[in-house]
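J.: Below is the sequence, then the predicted model.
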Amino acid sequence: MKRIIITAMVLMLVLASCDCKSEPQKVTDAPYIFTIGGELPEIGEFSGKQKQQRFYDVYTPDFIPSDEYGAIIPYIGSYKTYFTDGENPIGEEYAAYGFCTLDGRIVMDASNINHFISYRETDDGFGYYTLSRSIAQREDAPDEYYAEETLIIPGSGEWCLTLGPNSWATALGGGVISVSVYSVEDGSEKCELYNYSGEKICEIEGVSGLGLYSQGLIGTTTWTESGSVSYYIDIDGNEVLGPYESVGDFTEHGVACVTDHSGGSYLIDTNGNRLTDKNYQHINLNKSWSNNTKVFIARYLNREKERDVYDTRGNYLGSIDGADSVSIYLPREDEIVYCCTDTLNNSTWKRFSDNTEFKSLDFDVSPNETIGCDNLFLYKEKSSEKAIFFDSYGETVAVIEDYGSFMEVSQDNRFITYNPSDRESICIYDTVANEVIYTVQTGDSGYASFFGKDDRYVIIYMYSIDYSTHLATGHKVCLYDTTAKKMLFENCEQIMHYNFDGEDYFSVCTQNTSAVYDSDMNIVLRLYNEE
């Protein structure tokens, strides 16, 4: 599931939270007043009326864990976008987020500035929010000393895990949350393990980072003056395998890639037994964009153009030879295709099973552009605006005459979003109708992404930049429905997508309203500012 991830820093007061499951707590009736220090932007407090009832009868500015919510979803109270100077400006987004239940009862009011929020699901089905904010580290000089604080909240809202300043979650999976902790005072490092109830399992002192818990083992790394030292530990923090220079996560079949201190990389099982006789320069786990298929790509020492391919059980599948650069794609469970690119940026697409080119191109020049997905490939004529999209069967999906740059393709290849050659607009192309069904002017820049069941909805982001104020003056976000072929929302401040149990939800924020809609565009929550 695609997610939008935003990073920034903004100063605010420390919010109350807890480290484990708890019952609803008593809260104050008075609205929470927050302040911002220094020269950081003031986006204002969201002052809204609402038609739905609150989960509590009182004002709730902080998240209160409870097992009575069922599921929670964020709504956006206030939102602003700023940019830094420079040829490649970096956007910083500040927002006040609240939470409501799926029946529209408010759980937390959008009164505090939390400048980062995302929702993810682990491979074992655990859904959680990451909510970040900046907090003062010194009461005597709060404007000068602040750090990032992160909250991990399950989609059920049953508990809240607060990661203090200079702490961050490194991996979630297998029922375990891995957290790294750095001390500003003495420079010490440690790692902590929590379960999916937010309860601490153990602490490991002197460890810089933890990997994913899988097959009863988790990789650790410690940085020393002479380099890195890595081990695999069990759930209690005991060293089981190692030492190595670096380690990777174990697959669902109990295979991982490691590098020893002699510089060689190889595959091992959960007992530490080597599964590959060769020492490679590097091994990485290549994951599919669209499904759970993945393979190991092993690059030879001192032979940059030769690569071996292994499945996640450690079985050798074959080799790829003679390419300066290789991109591996996994469009289906039983298929591997790859794109070879030489030093002149000429590319060819081949099937891994027999290393033959699977697309016959009727052009006098070689292809020179690829796109980052498994099930669609791009041939762009050199010195031309014509682009041909084709699938892993070699069938042409679309021919676009005025093409500038690729953005994204829907999972079924039905729709393609792209910039035309002028780069000042975004087009949505219907491959069945063989036509552009929507075009929107973006200003200085913009992008589009597919969301929802069967990639039905397209969220389009666009902005123009006023460098004198650092504001994204032309910033607006739109929501397009590819089924109805019409724009549902325009000129919004922000739109974010979430999914619970197969149901899609959209949080929509304008200058005057804040709302949550389900996939049929029924209103779950609607708030509006008092004029």
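T.: Perfect, thanks for sending it.

J.: and D454, that one's in a helix?
T.: Yes: membership of D454 in a helix is supported by DSSP: H, G, I helix; E, B strand; the rest coil.

J.: That one: how many residues sit nearby?
T.: 12 (other Cβ atoms under 10 Å). Where you see a C-beta, it was placed from the backbone N, CA and C, and this is true even at glycine.

J.: and what of G272?
T.: For G272, using other Cβ under 10 Å, the count is 13.

J.: That one and R307: what is the separation?
T.: 25 Å (Cβ to Cβ, to the nearest Å).

J.: Could you do S228 as well?
T.: Distance from S228 to R307, by Cβ to Cβ: 24 Å.

J.: The two - which one has more neighbours?
T.: Between S228 and R307, counted using other Cβ under 10 Å, R307 has the larger neighbour count: 22 against 17.

J.: pLDDT at the more buried one, what is it?
T.: pLDDT, R307: 89.

J.: That one contacts V295, correct?
T.: No: contact between R307 and V295 fails when scored by Cβ atoms under 8 Å: they sit 10.7 Å apart.

J.: mind listing the strands for the stretch 151-300 of the chain?
T.: Along the stretch 151-300 of the chain, the segments classed as strands by DSSP state E, counting those that start in this stretch run 161-163, 167-173, 176-182, 189-195, 200-205, 209-210, 218-224, 227-233, 239-244, 246-247, 255-259, 265-269, 280-287, 294-300.

J.: so what secondary structure elements neighbour the longest one?
T.: Going back to what we said before, that points to strand 280-287. Contact partners of strand 280-287 among helices and strands, from 3 or more Cβ pairs under 8 Å, 6 or more residues apart in numbering; DSSP states H and E: strand 255-259, strand 265-269, strand 294-300.

J.: what about dumping the CA coordinates of that strand to PDB?
T.: Taking Å, rounded to 0.1, in the frame of the first residue of the first chain, the C-alpha atoms of strand 280-287 are listed here in PDB:
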ATOM      1  CA  TYR A 280      30.400 -12.400  -3.500                       C
ATOM      2  CA  GLN A 281      31.200  -8.700  -3.500                       C
ATOM      3  CA  HIS A 282      27.600  -7.900  -2.400                       C
ATOM      4  CA  ILE A 283      24.200  -9.700  -2.100                       C
ATOM      5  CA  ASN A 284      20.900  -7.900  -1.900                       C
ATOM      6  CA  LEU A 285      17.300  -9.100  -1.600                       C
ATOM      7  CA  ASN A 286      15.500  -7.700  -4.700                       C
ATOM      8  CA  LYS A 287      11.800  -7.300  -3.900                       C
END
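
J.: Residues contacting that strand, please?
T.: 248-249, 251, 257, 259, 264-267, 293-302, 308, 312, 328, 330 (Cβ atoms under 8 Å, 6 or more residues apart in numbering).

J.: could you check the angle strand 255-259 makes with it?
T.: 140 degrees (axes from the mean of the first three to the mean of the last three Cα atoms, to 10 degrees).

J.: do the same with the third one
T.: Strand 176-182 and strand 255-259 meet at an angle of 20 degrees, taking the same axes, to 10 degrees as the criterion.

J.: Strand 176-182: how far from the chain's middle?
T.: 18 Å (Cα atoms, centre = their mean, to the nearest Å).

J.: May I have the strands that pair with that strand, each with its orientation?
T.: Strand pairing for strand 176-182, determined by DSSP bridges: strand 167-173 (antiparallel), strand 189-195 (antiparallel).

J.: Go through those strands and name the closest to S214.
T.: Ranking the strands paired with strand 176-182 by distance to S214, with Cβ to Cβ as the measure, places strand 167-173 first at 6.7 Å.

J.: Let me know the average pLDDT across that closest one.
T.: 91.

J.: Identify the residues contacting it?
T.: With Cβ under 8 Å, 6+ apart, strand 167-173 has contacts from 120, 122-124, 126, 128, 130, 148, 150, 152, 163, 177-182, 191, 209-214, 249.

J.: same deal with stretch 256-266?
T.: With Cβ under 8 Å, 6+ apart, stretch 256-266 has contacts from 219, 227, 230, 232, 243-250, 267-268, 274-276, 278-285, 296, 298, 301.

J.: Do me a favour and get the end-to-end distance for that stretch?
T.: This stretch, stretch 256-266, spans 8 Å end to end (Cα to Cα, to the nearest Å).

J.: Relative to S327, how far out is I320?
T.: 11 Å.

J.: Please identify which of those two sits among more neighbours.
T.: I320 (20 against 17).

J.: Quick check: closest non-adjacent residue to the more buried one.
T.: R307 (4.7 Å; Cβ to Cβ, 6 or more residues apart in numbering).

J.: Tell me the secondary structure of the one you found, please.
T.: Assignment for R307 (three-state DSSP): strand.

J.: dump the residue contacts of it.
T.: 297-300, 319-321, 326.

J.: do S290 as well
T.: 331, 373-375, 411.

J.: Which of those are buried, as a PyMOL select command?
T.: In PyMOL syntax, the buried subset of the contacts of S290 is picked out as below (16 or more other Cβ atoms under 10 Å):
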select buried, resi 331+373+374+375+411
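
J.: Now do stretch 170-181: distance from first to last residue.
T.: Per Cα to Cα, the first residue of stretch 170-181 is 10 Å away from its last.

J.: Then stretch 274-292?
T.: One end of stretch 274-292 sits 25 Å from the other (Cα to Cα).

J.: Rounded mean pLDDT for it, please.
T.: 88.

J.: What ranges in the stretch 101-250 of the chain fall below the confidence cut-off?
T.: Applying pLDDT under 70 to the stretch 101-250 of the chain flags the ranges 115, 134-148.

J.: hey, what's the residue nearest to I320 bridged with?
T.: R299, I320.

J.: do the same with V399
T.: So, taking DSSP bridges as the rule, V399 has I388 as bridge partners.

J.: Pull the number of nearby residues for the closest residue to S288 other than its chain neighbours.
T.: Closest residue in space to S288, ignoring its immediate chain neighbours: L330 at 4.0 Å, by Cβ to Cβ, 6+ apart. Other residues lying near L330 total 24 when counted by other Cβ under 10 Å.

J.: just I460 next, same as before
T.: With other Cβ under 10 Å as criterion, I460 counts 25.

J.: ok, and which of the strands of the stretch 151-300 of the chain has the densest surroundings?
T.: strand 255-259 (a mean of 24; mean count of other Cβ atoms under 10 Å).

J.: Can you get me the centre-to-centre distance for that one and its chain?
T.: 25 Å.

J.: from what I can see E192 touches V176, true?
T.: No: under the criterion of Cβ under 8 Å, E192 is not in contact with V176, lying 10.5 Å apart.

J.: Quick check: the gap between T130 and D504.
T.: 20 Å.

J.: how near is D123 to G242?
T.: Taken as Cβ to Cβ, the span from D123 to G242 is 24 Å.

J.: these two touch, right, M108 and V58?
T.: No: using Cβ under 8 Å, M108 is not in contact with V58; the gap is 11.9 Å.

J.: So what pairs up with the closest residue to G248 other than its chain neighbours in the strands?
T.: Leaving out its chain neighbours, the residue that sits closest to G248 by Cβ to Cβ, 6+ apart is C257, at 4.4 Å. Beta-bridge pairing of C257 under DSSP bridges involves L267.

J.: for E192, what are its contacts?
T.: Neighbours of E192 in contact, by Cβ under 8 Å, 6+ apart: 178-179, 181, 200-204.

J.: Could you single out the nearest of those residues to A387?
T.: Closest to A387, out of all of the contacts of E192 and judged by Cβ to Cβ, is S178, at 42.2 Å.

J.: Next, the contact list for the closest one, please.
T.: 169-172, 191-193, 210-213, 218.

J.: Need the residues you listed in CSV (columns: distance to G70).
T.: Converted to CSV, those look like this (distance: Cβ to Cβ, whole Å):
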residue, distance to G70
A169, 24
T170, 30
A171, 27
L172, 22
C191, 33
E192, 29
L193, 28
L210, 31
G211, 33
L212, 29
Y213, 28
I218, 32
